[in-house]
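Engineer: Here you go, sequence then predicted model.
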Amino acid sequence: MQGLESFIPLILIFAIMWFFLIRPQQKKLKEHQAMVAALRRGDQVVTQGGLIGKVVKVRDESNEIEVEIAQGVTVRVVRSTIATVTSKTEPAKA
């Protein structure tokens with residue numbers, strides 16, 4: 001019985017770490033994945049490198065997008081490096 005009682009503090013520490021560290025990180029990751037999946041042409045984005053630009057083309061098959069950072073200057077960016085979407089475009093009406 002004493003062996004079980006000695007594991008109770010360890011179990012409590014793990015539960016506290018789960019609720020304060022692991023669970024919020026998983027939630028944030030899911031939100032980021034949803035944001036990246038919802039990218040479409042015309043969205044204003046900021047990359048993790050600090051580049052601000054407008055999405056010109058979304059390539060579904062290669063997991064990259066093309067971002068126009070200046071007039072006539074486009075760069076290919078991996079989707080997961082998009083940090084935030086500053087302004088969204090309205091979805092096309094069917």
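Structural biologist: Great, that's in hand. Residues are numbered from 1 along each chain as shown.
Engineer: can you give me the strands for the protein?
Structural biologist: For the chain, the strands defined by DSSP state E occupy 44-47, 52-59, 64-70, 73-78, 82-87.
Engineer: Can you list the buried residues in the third one?
Structural biologist: Buried residues in strand 64-70, counting neighbours by 16 or more other CB atoms under 10 Å, are found at 64-67. Where C-beta positions appear, they are placed from N, C-alpha and C, glycine not excepted.
Engineer: For Ile65, see how far away the residue positioned nearest the centre of the chain is.
Structural biologist: For the chain, His32 is the residue whose C-alpha lies nearest the centre (CA atoms, centre = their mean; 2.3 Å). Separation of His32 from Ile65 (CB to CB, to the nearest Å) stands at 15 Å.
Engineer: Could you measure from Leu21 over to Ala15?
Structural biologist: 11 Å.
Engineer: Let me fix that, I meant to ask about Glu66.
Structural biologist: From Glu66 across to Ala15, the span is 45 Å (CB to CB).
Engineer: Scan the helices and strands of the chain for the one with the lowest mean pLDDT.
Structural biologist: When each helix and strand of the chain is scored by mean pLDDT, DSSP states H and E, helix 2-17 comes last, with a mean of 85.
Engineer: Just the CA atoms from that helix would do, formatted as CSV, please.
Structural biologist: Extracted C-alpha coordinates of helix 2-17, given in CSV (Å, rounded to 0.1, in the frame of the first residue of the first chain):
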residue,chain,number,x,y,z
GLN,A,2,2.9,2.4,0.7
GLY,A,3,4.2,1.9,-2.8
LEU,A,4,1.0,3.2,-4.3
GLU,A,5,0.9,6.2,-2.0
SER,A,6,4.4,7.2,-3.1
PHE,A,7,3.2,7.4,-6.7
ILE,A,8,0.3,9.7,-6.0
PRO,A,9,2.5,12.9,-6.0
LEU,A,10,4.1,11.9,-9.3
ILE,A,11,0.6,11.3,-10.9
LEU,A,12,-0.5,14.7,-9.6
ILE,A,13,2.6,16.4,-11.1
PHE,A,14,1.9,14.8,-14.4
ALA,A,15,-1.7,15.9,-14.4
ILE,A,16,-0.8,19.5,-13.6
MET,A,17,1.8,19.5,-16.4
